[in-house]
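Engineer: 3D, please:
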Amino acid sequence: DIIYSNGSASHFGRMLSKRLNIPHVWHIREFFGIDQLLPLKAYQRMTDRTDKFIVISSAMKKEYDNKLGMDKVIWISDGIAVPPECEKDDHDGFKILLAGRIAPAKLQLDAVKGFEYFKQLAGHVNAKLHLAGTPVTDGDRIYKNKIDEYIKDHALEEDIIFLGQVDDMAKLRSGMDIELMCSEREPFGRVTLEGMRAGLPIIGTASGGTLDIIKENISGLFYQPGNYKELGEKIYFLYNNPKQLAMLSESARKYGRTHFTEKQLLIVSELLEQTAGENAK
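Structural biologist: Just a heads-up that it's a prediction; the model follows:
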C-alpha cells in the first residue's frame with residue numbers, strides 16, 4: 001500500500017515508488033552537509049516520487065520547507081520508550097556528562113572550554129567533565145587529537161575524563177549531576193531526552209532539535225552556540241545553586257518521562273495510513 005523509507009541514506013524507496021506507482025513517505029532524521037548532497041540537484045531528485053517527508057524537529061522543518069516544499073514536509077518529533085526508574089548514586093564532587101560520538105559536529109571542545117571557564121569562576125572545586133563516546137572517522141580522530149592537545153596545554157588532564165564506549169548509560173547517568181548538549185545542528189537529540197529522563201538538567205545550545213526538547217528552567221538551560229563562556233556561566237549557576245539544581249533535576253525527569261514517548265510512533269503510522277488512503281481514492 002505504501003513505501004516507507006526510514007533514514008536518508010538510500011534513494012531506493014522513491015525509485016521503487018516510481019516503478020510500482022505506490023506512494024512514498026521518507027523519514028529524514030538528519031541535517032545534510034554539502035558533501036552529502038551528491039549528485040547535483042539532490043533535493044529535486046528527492047522530491048521526485050516522494051509524497052511526504054517526515055522530519056524530527058522544528059529546525060529541520062524550517063530548513064527543509066525551503067528545499068523540499070512546505071506542503072510535503074511534516075514535523076513529527078521522535079519518540080522513544082521510557083526506561084525504568086534508576087536510583088541516583090551518592091557521589092563526591094560535581095560531575096558533568098557529555099555523551100555522543102567524538103566528532104567536530106558534537107563540539108566536545110566547546111564543552112572542555114566551557115568547563116575550564118566554569119573552573120575559573122568557581123575556583124578550586126572538586127568537579128569533573130566526563131566525555132562518553134569514541135571517534136569513528138579519520139576526521140573524528142583528528143578532532144580528538146585537537147581536544148587532547150587543548151587539555152594538555154591548559155593542564156586539564158585531571159579534570160577531563162574520556163570514558164570511551166559506554167554500554168550502560170543508565171548506570172553512568174545515575175552518578176552524574178548535569179548533562180551537556182553542545183551540538184549546534186542536532187536533528188533531535190536522543191541523548192538529551194535520555195539525560196532528562198535520568199533526572200539530569202541539560203545545558204544545551206539554543207539551536208537545532210535541542211530547542212524542541214529543553215524547556216528553559218523546567219528541564220534545563222540554554223546557551224548560545226559557540227559561546228563557551230556562557231556555557232561555563234550556566235554550569236557555575238547550577239553548581240552554585242543546589243536548590244535550583246535539585247528542582248530542575250526533578251522537573252527534567254518528570255517532563256522527559258511524559259514527552260517524546262512511543263506515542264509519537266502512532267502519529268507516524270496514522271500519516272502512513274492517511275497517505276496510502278489518499279492514493280487509493
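Engineer: Tell me which residues of the helix or strand of the chain with the lowest mean pLDDT come out buried.
Structural biologist: Every helix and strand of the chain was ranked by mean pLDDT, DSSP states H and E. The lowest is helix 42-47, at a mean of 84. The neighbour-count check on helix 42-47 (16 or more other CB atoms under 10 Å) flags Met46, Thr47 as buried. Where C-beta positions appear, they are placed from N, C-alpha and C, glycine not excepted.
Engineer: Show the low-confidence segments of the chain, by residue range.
Structural biologist: 33-40, 280-281 (pLDDT under 70).
Engineer: That one: strands as residue ranges?
Structural biologist: 3-6, 24-28, 52-55, 73-75, 94-99, 127-132, 160-164, 178-181, 202-205, 220-223 (DSSP state E).
Engineer: what would the ones you listed look like in TSV with mean neighbour count and distance to Ala105?
Structural biologist: Shown next, in TSV, are these (neighbours: other CB atoms under 10 Å; distance: least, CB to CB, whole Å):
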stretch	mean neighbour count	distance to Ala105
strand 3-6	18	21
strand 24-28	23	17
strand 52-55	24	18
strand 73-75	18	21
strand 94-99	24	13
strand 127-132	20	15
strand 160-164	15	18
strand 178-181	27	12
strand 202-205	27	12
strand 220-223	24	17
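Engineer: possible to save the ones you listed as TSV with distance to Thr261?
Structural biologist: Below are those laid out as TSV (distance: least, CB to CB, whole Å):
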stretch	distance to Thr261
strand 3-6	19
strand 24-28	18
strand 52-55	17
strand 73-75	17
strand 94-99	20
strand 127-132	24
strand 160-164	28
strand 178-181	20
strand 202-205	18
strand 220-223	19
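Engineer: circling back to that earlier point, what's the least confident helix or strand of the chain packed up against?
Structural biologist: Contact analysis of helix 42-47 by 3 or more CB pairs under 8 Å, 6 or more residues apart in numbering; DSSP states H and E lists helix 58-68 as its packing neighbours.
Engineer: For the most centrally placed residue in the chain, list the residues it contacts.
Structural biologist: With distances taken as CA atoms, centre = their mean, the residue of the chain nearest its centroid is Gly189 (2.0 Å). Residues counted as contacts of Gly189 (CB atoms under 8 Å, 6 or more residues apart in numbering) are Met181, Ser183, Gly204, Gly208, Gly209, Thr210, Ile213.
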